[in-house]
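Q: This is a predicted model, with the sequence first.
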Amino acid sequence: MAEAVSSLLSVDKVSISFGGLKAVSDFNLEIPDQGLYGLIGPNGAGKTTVFNMLTGVYKPDTGTIRLSGRDLASMKPHKIAACGMSRTFQNIRLFPDLSVLDNVRIACHLRTRSGFVATMLRLKRHRDEERAIEEKARKLLELFDLASRADEESRSLPYGDQRRLEIARALATDAKLVLLDEPAAGMNPKETHALSALIRRLRDEFRVTILLIEHDMGLVMEICDRVTVLDYGVTIASGVPAEIQCDPRVIEAYLGEPTEAV
Amino acid sequence: MVARSLWGTIAPLVVGFALAAGLQLAAGSVIAPFYAKLLMDIGINIVLAVSLNLVNGFTGQFSIGHAGFMAVGGYAAGTVTYYGSFLLWGSTHVTEGWLTKGDLLFVGGCLFGALLAALAGFIVGLPSLRLRGDYLAIVTLGFGEILRVLLQRTGDVLQTADQVEKASTATLATSLGGSLGFSGLPYYTDLFWVYVFVTITLVVALRLKFSSLGRAFLSIRENEIAAEAVGVDTTRLKVRAFVLAAAFAGIAGGLFAHEIGTSLNPRELGFQKSFDVVIMVVLGGMGSVSGAVLAAIVLTILPEALRGFSEFRMPIYALALILMMILRPQGLLGLREIWEMKWRKR
C-alpha cells in the first residue's frame, strides 16, 4: 500500500493478552498526518491498553506499530516520546510537588543538547537553552490559560486546569501525534465545550495530529474526523462519526441487544 | 562578555574556596581545636547529606547504603596516602601544613576514592533499574553490609617502609587493618579541604537542581511513568544520580579517614552511619539542598550539645523524627530552598 508509507501512525494487527485475558486482538489503525481521531468503546474495551501499547508502556504480543515509518516495537517510552508521540493519562499524572511551569519545562528536556558538564559549568550553550525552554514553556502556559498560575504547585490546581496542564506538557515534547486519554472526564458541559475548542486549536495552530479516547459522545462526534470503536478488545466499527452513530453493532455494544418492540 | 560569563561560572567556587582558606587561617589562632574539629565534622556531614539527597531527594530512590560508598572512598584514599607515602618518601610523616606534597597526595587520594566510590555507585545503581522502594533500600543496605564484612576480613596494616616496599600491590590493597580499622593514617584533613569540597558539592547540587537536567531528576520522584512519557530517560538518570552521590560520599570518606580524632574502621562506617545521613536528608526536606545543609549542621551539633545525656541521644532522635513526620512530613523545607520559602501560616 502506497498510503501506508505516508501514514503518521500505522498500527498493524496488534494483540496483547494478560494471563488468559485477550485484552486487545488484531487492532489496526491508520492515521494519516493531520486531523482528529477518536477511539471509543464501553468501559473495559481495551482503549487505554491500546494507548499503553502505542506509548511503549506495554509491549504487544504480536503486530507492529510504526510512527512516521519507524518501528516502535522494542522502544522504551522515553524513546517513543522522542520520536514524536506523547500522551496524557486517564488518571492525571502530573509532577504534583513541582510548579506548573516546571511541569511543562520538564517535557522540554528531551530536546535539550547540553549535558552534565555544560550544566555544571553554566556554559553559554546551557544558559541559552534554559532561556529558550522557559520562553517556550511560558508561551504554552499562556495559550492554555495557565500563565497566571505558573509558579504554583501543580497539585494545587483545580481539576480542569490539571487536565489542561497535562495537555500543555504533552505538547511541550514537540510531539507530532498527541494521545489524549479521556480529556473531558470530570468536566462540566461548559468546560467540555472550551476543551473542544482548545483541541481544535491544537490541530490548527500546532499542526499536531490527535487521537483521543473519550466517553463524552457529544465531544467525539463534534470534533473527530474519524472514529474507531472497540468492544472486548476487538474493533467493531471504524468510520466517520455519522456512520458510527447509526452502526447497529456500536449501538449494541453500548446499549445491549435490541429486543422486540413492546 | 566572555569574561563575565566565565566569572559567573567560577564565582561561587572562588567565594567558597576563599571562605575555606579564611577558616583555615582562623583555625590556627581564633578557632579552638575542639571547634575546628566540630566544623570539619559538620562539613563532612554536609557533603554526605547533600549528596545522598541527589538520590533520595531528587530522584526519589531510597538508598540506605551511603556509608558504604563513604567506606569505599575512605579506604581507597587511605591506601593512597598511607602506602603511597611509604613508597614515595619512606615514611607517612613527611609533611605538615598546606599544599605540601603530602597534602596534594591526600587530595589525589580523595579524588581516587571518589572515582572508586562512583564505580561502586554504578554497580549498586544498576539494580535500581528494576527495583524500587523498599527493595532497592534492601539492596543498598546489603551493599553496605557486604562491604563491612569484606573490610573486616582484610589483613593487618603494614607498619614499616621495608614491609611496604616488599609487598605486592594486591597485598597493599588488602592490608587495610581488618576489624581493628585502618590505623596510622596521617592527619591531612583540615578546614580548607573540607570546605573546598563542601563548596564543590553545593555548587554541583544547586546547579543541578536549577537546570533542565535537575528537573528531569526530580520528575522521576514525582511520577516515573509520566516522566518516561515526556521523554525522560529515567533509568539512565537514576544510575547517574547514584554515581554522582557515591562520588561525593567517597570524597567525604577520604576526608573522614584523614581527620584527627576519627577512626577508619568497618564498624564506624556501617548501617548506623548510613542511617544518620538518611535522617539528615529526611529532616532537612527531600530535595532541598539548603535543608540538607541545615539538618547536617543541627544533627552534628546536637549530639555534642547533648553529650551530658548521651544515653538519651537515640530516644531524642526518634522523638524528633516522629514529631517531624506528624507535623511536617515533607521535612523542614520540603522541596524548597531556604530562600524560596514563603513563611506563611497554613
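A: All right, it came through fine.

Q: mind listing what the closest residue to chain B within the stretch 1-150 of chain A touches?
A: Chain B sits closest to A:L110 of the stretch 1-150 of chain A, with a gap of 3.0 Å, by Cβ to the nearest Cβ. Just so you know, the C-beta spots here come from the backbone N, C-alpha and C atoms, and that holds for glycine as well. When contacts are counted by Cβ atoms under 8 Å, 6 or more residues apart in numbering or on different chains, A:L110 touches A:78, A:81-82, A:173, B:230-232.

Q: before we move on, what about B:L213?
A: A:109, A:112, A:115-116, A:119, B:237.

Q: Recalculate using a threshold of 7 Å.
A: A:116, A:119 (Cβ atoms under 7 Å, 6 or more residues apart in numbering or on different chains).

Q: Retrieve the pLDDT associated with it.
A: For B:L213, the pLDDT comes out at 96.

Q: One more: B:K345?
A: With respect to pLDDT, B:K345 scores 43.

Q: Now do A:V208 against A:L179, distance only.
A: 11 Å (Cβ to Cβ, to the nearest Å).

Q: hang on, I meant B:Y187
A: Taken as Cβ to Cβ, the span from B:Y187 to A:L179 is 62 Å.

Q: Which of the two has more residues huddled nearby?
A: More crowded of B:Y187 and A:L179, by other Cβ atoms under 10 Å in any protein chain shown: A:L179, with 26 against 14.

Q: what residues are up against the closest residue to that one other than its chain neighbours?
A: Computed as Cβ to Cβ, 6 or more residues apart in numbering or on different chains, the closest residue to A:L179 that is not its neighbour in sequence is A:R87, at 4.0 Å. If you count contacts by Cβ under 7 Å, 6+ apart, A:R87 has them with A:51, A:55, A:170, A:178-179, A:181, B:229.

Q: now, among those residues, which is nearest to B:M70?
A: Proximity of the contacts of A:R87 to B:M70 (Cβ to Cβ) peaks at B:A229, which lies at 36.0 Å.

Q: Please work out how many residues are found near the closest one.
A: What B:A229 shows, counting by other Cβ under 10 Å, is a neighbour count of 28.

Q: How about B:P33?
A: So B:P33, with other Cβ under 10 Å, has 10 neighbours.

Q: any idea how far it is from B:F197?
A: With Cβ to Cβ as the criterion, B:P33 and B:F197 are 21 Å apart.

Q: where along the stretch 101-250 of chain A do the strands fall?
A: Remark: strands assigned in the stretch 101-250 of chain A by DSSP state E, counting those that start in this stretch are A:177-181, A:209-213, A:226-231, A:234-239.

Q: Ends of stretch A:175-190, what's the gap?
A: End-to-end distance of stretch A:175-190 (Cα to Cα, to the nearest Å): 28 Å.

Q: ok, and what's touching it?
A: A:8-9, A:48, A:51, A:54-55, A:67, A:84-90, A:159-160, A:163, A:167, A:170-171, A:192, A:195, A:208-216, A:219.

Q: and what of stretch B:40-49?
A: Contacts with stretch B:40-49, where a contact means Cβ under 7 Å, 6+ apart, come from B:66, B:70, B:189, B:191, B:194-195, B:197-198, B:201, B:248-249, B:251-252, B:255-256, B:259, B:277, B:280-281, B:284, B:292-293, B:295-297, B:300.

Q: Distance check, B:T9 against chain A.
A: If you measure B:T9 against chain A using Cβ to the nearest Cβ, to the nearest Å, the figure is 5 Å.

Q: For the helix or strand hosting that residue, which helices and strands make contact with it?
A: Element membership of B:T9, judged by DSSP states H and E, is helix B:2-29. Using 3 or more Cβ pairs under 7 Å, 6 or more residues apart in numbering or on different chains; DSSP states H and E, the elements in contact with helix B:2-29 are helix B:191-209.

Q: Show me where the stretch 51-200 of chain A has its helices.
A: Here the stretch 51-200 of chain A has its helices, by DSSP state H, counting those that start in this stretch, at A:77-83, A:100-107, A:116-120, A:124-143, A:159-172, A:189-201.
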